[in-house]
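Chemist: Okay, here's the prediction I keep looking at, along with the sequence it came from:
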Amino acid sequence: MTRVAFVTGGTRGIGRAISARLRAAGYKVAAGYASNEVAAQACADELGVMAVKGNVSSFLDCAEAVKKVEAELGPIDTLVNNAGITRDAVLHRMTEEQWSEVIRVNLASIFNMTRNVIEGMRERNFGRIVNISSINGQKGQVGQSNYSAAKAGMIGFTKALAQENAKKGITVNAIAPGYVDTEMVHAVPQNVLEQIIAGIPVGRLGMADEIARCVAFLAAEEAGFITGSTLTVNGGQYITG
Ligand code: CAA
């Protein structure tokens, strides 16, 4: 049976690699995006996915996007909450806007998206939800109290939702990527990034597809016994229990 996946922030960075992986695995894929039309069009053309515009921090946008996708591709059984932004600043210089934008886009968004698909998944007794958290939600990062709080929040959400839906054939897991070779990571000041890479035992940044293959693994039907977990993928930079 053809599965339908919705990948938020699915047209660029790690999200694009996830869209590509799932498409190659035979899924029908909807890739959400906020504003970059050029990247969205390229992604749709090159990968053969449906690009869907919307702001994940708006509950109404998410409801509409889900409706559009379900009308065109069918019921969503795989949701990848990947969309995220950074607004890095030490807290003593952080503005209220930098704080709340990150909390809205990275954390409130997972309620907005998941709430709009969870009832359908429960009715059909099947679902796969994968939340893209971060190493910095696990260990904290100077300059990212907003981002670290949101990413840690995603892990708590994952654990609670996994328990609520375990009997309904729905698994809910998180992935905590380390520093991956994307535009987001290249926005870190060069000298800071060099120091960060020096602290990665594997000796390099991760590749987006190295995260995408973990999503495909957790989304597979055979992964039904894995739920509530956080898969750490960071080149050994932070080793958790
Ligand atoms: N411990 C405590 N405080 C520290 C510190 C440390 N190790 N290193 C720096 N600081 C604080 C200092 O207190 C200093 O504040 P004061 O000047 O008030 O004393 C401040 O940081 C440094 O100030 P600067 O003027 O040198 O730097 P800045 O304010 O312009 O920028 C920064 C600071 C925002 C933290 C910047 O260094 C930065 O962007 N760092 C990278 C943060 C990062 O790793 N982001 C990840 C983005 S990628 C991503 O998020 C993807 C993912 O999931 C991994």
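Modeler: Arrived safely, thanks for sending.
Chemist: got the contact list for Val233?
Modeler: Contact partners of Val233, counting by Cβ atoms under 8 Å, 6 or more residues apart in numbering, are Ile175, Ala176, Pro177, Gly178, Gly206, Glu210, Ile211, Cys214. From N, CA and C alone the C-beta is placed, and that goes for glycine too.
Chemist: Run through the bridge partners of it.
Modeler: Following DSSP bridges, Val233 is listed with bridge partners Pro177.
Chemist: and it, what pLDDT?
Modeler: pLDDT, Val233: 98.
Chemist: Pull out the buried positions in stretch 100-120.
Modeler: By 16 or more other Cβ atoms under 10 Å, the buried positions in stretch 100-120 come out as 101-110, 112-114, 116-118.
Chemist: Quick one: end-to-end distance for it.
Modeler: This stretch, stretch 100-120, spans 30 Å end to end (Cα to Cα, to the nearest Å).
Chemist: And for stretch 69-77?
Modeler: Start to finish, the residues bounding stretch 69-77 are 11 Å apart (Cα to Cα).
Chemist: And stretch 200-217, by the same measure?
Modeler: In stretch 200-217, first residue to last residue: 24 Å (Cα to Cα).
Chemist: Report whether it contacts the ligand.
Modeler: No. Judged by Cβ under 6 Å from any ligand atom, stretch 200-217 stays clear of the ligand, getting no closer than 9.2 Å.
Chemist: residues contacting Phe6?
Modeler: By Cβ under 8 Å, 6+ apart, the contact list for Phe6 reads 29-30, 32, 52, 65-66, 69, 76, 78-80, 113, 117.
Chemist: tell me the two of the contacts of Val233 that are most distant?
Modeler: Ala176 and Glu210 (12.9 Å; Cβ to Cβ).
Chemist: near the ligand, which residues of this protein?
Modeler: Residues of the chain lying near the ligand (Cβ under 6 Å from any ligand atom): 86, 88-90, 92-93, 134-136, 141-144, 147, 179, 184-185, 188-189, 192.
Chemist: out of Ala176 and Glu210, which sits in the busier spot?
Modeler: More neighbours surround Ala176 than the other of Ala176 and Glu210, with 26 against 17 (other Cβ atoms under 10 Å).
Chemist: Which pLDDT does the model give that one?
Modeler: Ala176 is assigned 98 on the pLDDT scale.
Chemist: can you list the residues that contact the helix or strand containing Glu164?
Modeler: Here Glu164 sits within helix 145-165, counting by DSSP states H and E. For helix 145-165, contacts defined as Cβ under 8 Å, 6+ apart pick out 81, 84, 86-88, 90-91, 94, 98-99, 102-103, 106-107, 110-111, 114, 118, 121-122, 127, 129, 131-134, 136-138, 140-141, 171-174, 176, 227-228, 230.
Chemist: And for stretch 86-101?
Modeler: Against stretch 86-101 from outside (Cβ under 8 Å, 6+ apart): Ser57, Ile85, Val102, Val142, Gly143, Gln144, Ser145, Asn146, Tyr147, Met184, Ala187, Val188.
Chemist: Can you tell me which of these are buried?
Modeler: Ser57, Ile85, Val102, Gly143, Gln144, Ser145, Asn146, Tyr147, Val188.
Chemist: Let me have those in TSV, extended by pLDDT.
Modeler: Listed next are these as TSV, based on pLDDT from 0 to 100:
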residue	pLDDT
Ser57	98
Ile85	98
Val102	98
Gly143	98
Gln144	98
Ser145	98
Asn146	98
Tyr147	98
Val188	96
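Chemist: circling back to that earlier point, which ones among the residues of the chain next to the ligand lie within strands?
Modeler: Using DSSP state E, no member of the residues of the chain next to the ligand falls in strands.
Chemist: which residues touch Leu47?
Modeler: Contacts of Leu47 (Cβ under 8 Å, 6+ apart): Arg16, Ser19, Ala20, Arg23, Val29, Ala31.
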